[in-house]
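# fold the stuff below for me.
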Amino acid sequence: TPALLFNAFSGKKRRLMVNRKGIQGEALAKAYLMNLGLEILDTNYRTRQGEVDIIARDGKLLIFVEVKSRTSDAFGLGREAVDRRKCRRIALASQDYLQKTHLEESPCRFDVIEIRFENKTLPSVLHIPGAFDLNDCMA
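Here you go, the predicted structure:
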């Protein structure tokens, strides 16, 4: 029926728009981290267990970053979306990265960067260093 076709198209279009904001948010977060002087080692590192949006280095410190983009608070704040389940998936992916790169002994930090697209002019960036640690996720 036409209504079903329209609804299916609307959902697909909405997913594409949400994905576009996510990609823009990750690009902004990457630029933000580079502006802080961090070296970007990898982006969108994927494993069977999970994904890390950005992996950066500040000297010897490795930083695993989850980026959350939002256009409104309708579904909660971006940082609230990093629940225990998501945290665990990021932790497992980061452990995989550390093993594959032989950096298991490196100090690590887990950050969340929230990108807000509410304002039509400039998006805002909220960086939460040390948003969680492995003990929070793996217990």
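
# burial of the residue nearest to K86 when sequence neighbours are not counted, as a residue count?
Leaving out its chain neighbours, the residue that sits closest to K86 by C-beta to C-beta, 6 or more residues apart in numbering is E66, at 7.2 Å. Any C-beta I mention is one placed from the backbone N, CA and C, and that applies to glycine too. Residues lying near E66 (other C-beta atoms under 10 Å) number 26.

# got a pLDDT number for E66?
E66 is assigned 91 on the pLDDT scale.

# assign it to helix, strand or coil.
strand (DSSP: H, G, I helix; E, B strand; the rest coil).

# partners of it in the sheet?
V112 (DSSP bridges).

# thought it was touching I115?
No. The pair E66 / I115 is not scored as a contact, 11.5 Å apart, by C-beta atoms under 8 Å.

# quick one on the thing from earlier: separation between the residue nearest to K86 and E105?
Distance from E66 to E105, counting by C-beta to C-beta, to the nearest Å: 23 Å.
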